[in-house]
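Asks: Kindly return the folded structure for what I paste below:
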Amino acid sequence: MSAFGERLRSMRVRQGLSQAELGGERFSASYISHLERGMRHPSSGALEFLAHQLSVDVEDLLSRADEMPSADQIAYALRQAQLQAALLRRDFEEVQAYSEEISTRDGSLGQWWSARRVLAESLLAQGSYDQCVEVTDKILASGFTESSATLKAIILVTRSRALRARGDLVEAQVAGESAVRCVSAAECAPDDVKVAALNVEIAANAELGNHEAMSQGAESLRSLKATLGPGHIRGIAAWTLGNVEFGRGQVLRGITEHDEASMLLRPEADLRAWARFNKATATMRITAGVFDGLDQFIENATHGLSIVGNAGDRAELDLLHAERLLIDDPQAALRRLSSVVADHELPPQTRADVELARARAFERLLRHHEQFQSLVRAAECLTEAGAAGRATDVWRKIADLGRPRSFVATGEAV
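Replies: Residues are numbered from 1 along each chain as shown. Next up is the predicted model:
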């Protein structure tokens with residue numbers, strides 16, 4: 001963004017004007033957007049009109065090329081650099097300190113927005129989901145966020161991820177859907193923001209069991225993926241599309257997408273994303289009965305998440321190890337699953353996954369009464385999470401299984 005564009009946007013937002021209101025009957029909102037992003041240069045007539053609209057002098061809109069930054073501006077730039085560096089090294093206490101310092105100073109709205117966004121990302125990374133949601137609420141309420149559909153989408157993506165991680169699946173889906181609408185409305189949203197918005201919407205719909213909405217999102221993501229060059233962003237898209245195909249029972253297609261993701265995602269680009277992908281593909285391959293290369297995926301996930309994983313990541317990793325034990329030793333898998341519940345505070349959809357794994361172990365051991373109980377608990381957890389579609393699928397499985405004779409209305413053995 002040019003100095004003029006930044007100044008124009010700052011003045012407009014400070015006065016509570018939309019781009020359309022600033023342009024009035026003379027200039028379109030698109031033209032004002034181009035000016036603010038430095039893609040167009042105003043004529044002298046346009047400068048006079050904009051200055052009149054903002055009730056300022058033309059000189060106030062212009063910045064001299066030889067204008068030197070003030071000591072405060074230099075200090076802000078340094079703090080922003082320190083903030084980003086702290087996030088990269090996952091020094092969350094420093095992120096908190098730098099963010100609070102930047103946010104409490106009398107700086108620009110852009111500086112405030114950037115500092116709070118980094119804080120929200122750091123809270124998400126360390127598993128402080130309630131705090132992350134609170135911070136995103138405040139960012140979304142700011143006029144600066146409302147001034148850009150792309151900026152709003154970025155915050156909605158973070159919000160959706162935090163909501164889903166703590167078990168608020170319906171709210172997560174709403175935030176993801178809103179993020180997708182924002183990038184659709186934005187003129188030039190970056191590809192990584194488009195992919196991230198579709199990812200969170202698809203993930204929430206998948207956990208809710210909204211198969212039609214998930215499929216629609218996947219088609220949009222597939223079209224976008226076709227335009228992407230080889231790299232990390234395409235790898236993220238392939239990961240999500242592979243999840244969808246595994247969920248549909250299209251195992252070979254899922255493997256194809258995940259194999260592409262495995263080639264494109266790099267630990268040096270985003271260690272946590274790389275480790276979580278390895279965990280996800282291992283889990284889905286186990287469920288599909290595909291064991292080729294499985295232990296390497298599990299090893300990658302274990303190493304990566306032991307370095308950068310939060311409490312939620314570790315719980316899901318423990319569940320993965322239990323799923324691996326289930327292949328050869330269902331009794332050992334049951335012991336590991338019990339420790340997952342005992343050692344971690346789990347959101348309802350993860351508790352459901354634990355109970356579904358228990359049900360598979362009990363089935364292998366021919367303990368049908370306990371299998372039935374675990375399926376009932378899984379359905380109840382999914383209902384608690386708002387995942388009505390998935391809950392219905394489990395209830396249907398329960399109906400197909402038939403109620404064991406020893407199971408009475410209370411669900412307890414007699």
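
Asks: Checking the closest residue to residue 343 other than its chain neighbours next. Helix, strand or coil?
Replies: Computed as C-beta to C-beta, 6 or more residues apart in numbering, the closest residue to residue 343 that is not its neighbour in sequence is residue 318, at 7.0 Å. Heads up, the C-betas are built off the backbone N, CA and C, glycines and all. Counting by DSSP: H, G, I helix; E, B strand; the rest coil, the backbone at residue 318 sits in helix.

Asks: now residue 332
Replies: Residue 332 is classified as helix under three-state DSSP.

Asks: For it, grab the count of nearby residues.
Replies: Neighbour count of residue 332, defined by other C-beta atoms under 10 Å: 14.

Asks: Distance check, the nearest residue to it once chain neighbours are set aside against residue 226.
Replies: Using C-beta to C-beta, 6+ apart and skipping residues adjacent in sequence, the residue nearest residue 332 is residue 325, 4.7 Å away. According to C-beta to C-beta, to the nearest Å, residue 325 stands 39 Å off from residue 226.

Asks: Tell me which of the two has more neighbours.
Replies: Neighbour count, other C-beta under 10 Å: between residue 325 and residue 226, residue 325 has more, with 19 against 9.

Asks: From residue 214, how far out is the more buried one?
Replies: For residue 325, the distance to residue 214 - C-beta to C-beta - is 30 Å.

Asks: Same question for residue 143.
Replies: For residue 143, the distance to residue 214 - C-beta to C-beta - is 34 Å.

Asks: quick one on the thing from earlier: for residue 298, see how far away the residue nearest to residue 332 is.
Replies: For residue 325, the distance to residue 298 - C-beta to C-beta - is 11 Å.

Asks: What of residue 276?
Replies: 13 Å.

Asks: how many neighbours does the nearest residue to residue 173 once chain neighbours are set aside have?
Replies: Of all residues not flanking residue 173 in the chain, residue 204 sits nearest, at 3.8 Å (C-beta to C-beta, 6+ apart). When counting by other C-beta under 10 Å, one arrives at 29 neighbours for residue 204.

Asks: Work out for me the element residue 204 sits within.
Replies: helix 191-208 (DSSP states H and E).

Asks: neighbouring contacts of the helix or strand containing residue 321?
Replies: Counting by DSSP H and E, the element that carries residue 321 is helix 311-328. Residues from elsewhere that reach helix 311-328 (C-beta atoms under 8 Å, 6 or more residues apart in numbering): 127, 165, 272, 275-276, 279, 282-283, 286-287, 291, 294-295, 298, 301-302, 305, 309, 332-333, 336-337, 339-340, 343-347, 350, 353-354, 357, 360-361, 364.

Asks: Show me what counts as buried in that helix.
Replies: 312-326 (16 or more other C-beta atoms under 10 Å).

Asks: Pull the contacting residues for the spatially most central residue of the chain.
Replies: Residue closest to the average C-alpha location in the chain (C-alpha atoms, centre = their mean): residue 161, at 3.7 Å. Going by C-beta under 8 Å, 6+ apart, residue 161 touches 124, 172, 200.

Asks: can you check residue 170 too?
Replies: 208, 386.

Asks: again, only this time at 6 Å
Replies: residue 386 (C-beta atoms under 6 Å, 6 or more residues apart in numbering).

Asks: which SSE is residue 381 in?
Replies: Going by DSSP H and E, residue 381 is in helix 368-384.

Asks: Show me what whichever helix or strand comes after that helix is packed up against.
Replies: Where DSSP H and E defines the elements, the next helix or strand beyond helix 368-384 is helix 388-401. Applying 3 or more C-beta pairs under 6 Å, 6 or more residues apart in numbering; DSSP states H and E, one finds that helix 388-401 contacts helix 368-384.

Asks: Let's see the helix it packs on as PDB, backbone CA atoms only.
Replies: Presented in PDB, the C-alpha positions along helix 368-384 are these (Å, rounded to 0.1, in the frame of the first residue of the first chain):
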ATOM      1  CA  HIS A 368     -20.900 -56.500  21.900                       C
ATOM      2  CA  HIS A 369     -22.600 -55.100  24.900                       C
ATOM      3  CA  GLU A 370     -19.700 -52.700  25.600                       C
ATOM      4  CA  GLN A 371     -19.500 -51.900  21.800                       C
ATOM      5  CA  PHE A 372     -23.200 -50.900  22.000                       C
ATOM      6  CA  GLN A 373     -22.500 -48.600  25.000                       C
ATOM      7  CA  SER A 374     -19.600 -46.900  23.400                       C
ATOM      8  CA  LEU A 375     -21.600 -46.200  20.300                       C
ATOM      9  CA  VAL A 376     -24.400 -44.700  22.400                       C
ATOM     10  CA  ARG A 377     -21.900 -42.400  24.200                       C
ATOM     11  CA  ALA A 378     -20.400 -41.400  20.800                       C
ATOM     12  CA  ALA A 379     -23.800 -40.400  19.500                       C
ATOM     13  CA  GLU A 380     -24.500 -38.400  22.700                       C
ATOM     14  CA  CYS A 381     -21.100 -36.600  22.400                       C
ATOM     15  CA  LEU A 382     -21.800 -35.700  18.700                       C
ATOM     16  CA  THR A 383     -25.200 -34.400  19.600                       C
ATOM     17  CA  GLU A 384     -23.600 -32.300  22.300                       C
END
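
Asks: Can you list the buried residues in that helix?
Replies: Counting neighbours by 16+ other C-beta under 10 Å, helix 368-384 gives 368, 370-384 as buried.

Asks: Check which helices and strands it sits against.
Replies: Secondary-structure packing of helix 368-384 (3+ C-beta pairs under 6 Å, 6+ apart): helix 348-364, helix 388-401.
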